[in-house]
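predicted structure and sequence below. I'll ask about it afterward.
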Amino acid sequence: MDPRGKAPIPIELNPTLAELLVRLCVELGTEDHLGVLSRALGLLDLAQQTRRTGGRLCFVNDRGEAADVVF
């Protein structure tokens, strides 16, 4: 693993994670599985940063109902 994040690293997915990744790619209409992983990890990073600063990250649907992002 490159701690500086400068080189690619191989990852192994179990069947459940692989199925989830494929399903997300289909829903997003993309074959860019690395882009989907990047977006997911970016969302996790945002949630962690927000939590560290005492904030709250939530999703709001069309009806104005909010759901907190919890990990």
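All right, it came through fine.

which phi and psi values does the residue lying farthest from the centre of the chain adopt?
Most distant residue from the mean C-alpha position of the chain: Arg63, 24.0 Å away (CA atoms, centre = their mean). Dihedral angles of Arg63 (phi, psi; degrees, to the nearest 10) stand at phi -90, psi 0.

could I get the contacting residues of Leu46?
Going by CB atoms under 8 Å, 6 or more residues apart in numbering, Leu46 touches Leu57. Just so you know, the C-beta spots here come from the backbone N, C-alpha and C atoms, and that holds for glycine as well.

what's the separation between it and Val70?
Separation of Leu46 from Val70 (CB to CB, to the nearest Å): 13 Å.

remind me, longest helix of the chain?
With secondary structure taken from DSSP state H, the chain has its longest helix at helix 33-52.

so how far is that one from its chain's centroid?
In terms of CA atoms, centre = their mean, to the nearest Å, the centre of helix 33-52 is found 4 Å from the chain centre.

appreciated, that's everything.
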